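>>> Build me a model from this:
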Amino acid sequence: MPILKPLLAASLLALSATAMAGQSAADRAAAGEAKLAKALQGRVAGKPVSCINLRDIDSSEIIDGTAILYKVGSTTYVNRPKIGADSLRWDPILVTDTHSSQLCSIDTVKLIDRSSHFYQGFVGLGDFVPYRKPS
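Residues are numbered from 1 along each chain as shown. Presented below is the predicted three-dimensional model:
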């Protein structure tokens, strides 16, 4: 029984990846926007910033073809890349090329395949829009 859960999860991920591969760019964009809206539900956008401190980032999440979410405490920063957003997928490893202790809108992120470790593309970051839950 314990092995069935991982196998089921892997099967669902493969099915989801296969379904995404068959989608048009417009369908992927719409699905990405819907996932982003769900992730930000109940949060309010703040003023965009150019940089966030690397040491403060708790986690990141890719929204397919749309954005990268950076969690910093209770704030979620949304970065819609200026270049390469269409190459964003849920699976790659993000390798950030920074020039300071901050992640900034002038930085780039390489996308590396998780299994083969081959380069899959890159994105040029945009501004970071903070989303917070209202007080």
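>>> where do the strands sit along the protein?
According to DSSP state E, the chain carries its strands in the segments 44-45, 51-53, 59-63, 67-72, 75-79, 93-97, 102-104, 108-112, 119-124, 128-132.
>>> and the first one, what's its mean pLDDT?
What it means is strand 44-45. The pLDDT scores in strand 44-45 average 97.
>>> Give me the contacts around it.
129-134 (Cβ atoms under 8 Å, 6 or more residues apart in numbering). From N, CA and C alone the C-beta is placed, and that goes for glycine too.
>>> Can I get those in CSV including neighbour count and distance to Gln41?
CSV is the format used below for those (neighbours: other Cβ atoms under 10 Å; distance: Cβ to Cβ, whole Å):
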residue, neighbour count, distance to Gln41
Val129, 17, 15
Pro130, 18, 16
Tyr131, 18, 10
Arg132, 14, 13
Lys133, 10, 10
Pro134, 6, 12
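>>> and which of those residues is nearest to Leu40?
Distances from Leu40 to those, taken as Cβ to Cβ, are shortest for Tyr131 (5.1 Å).
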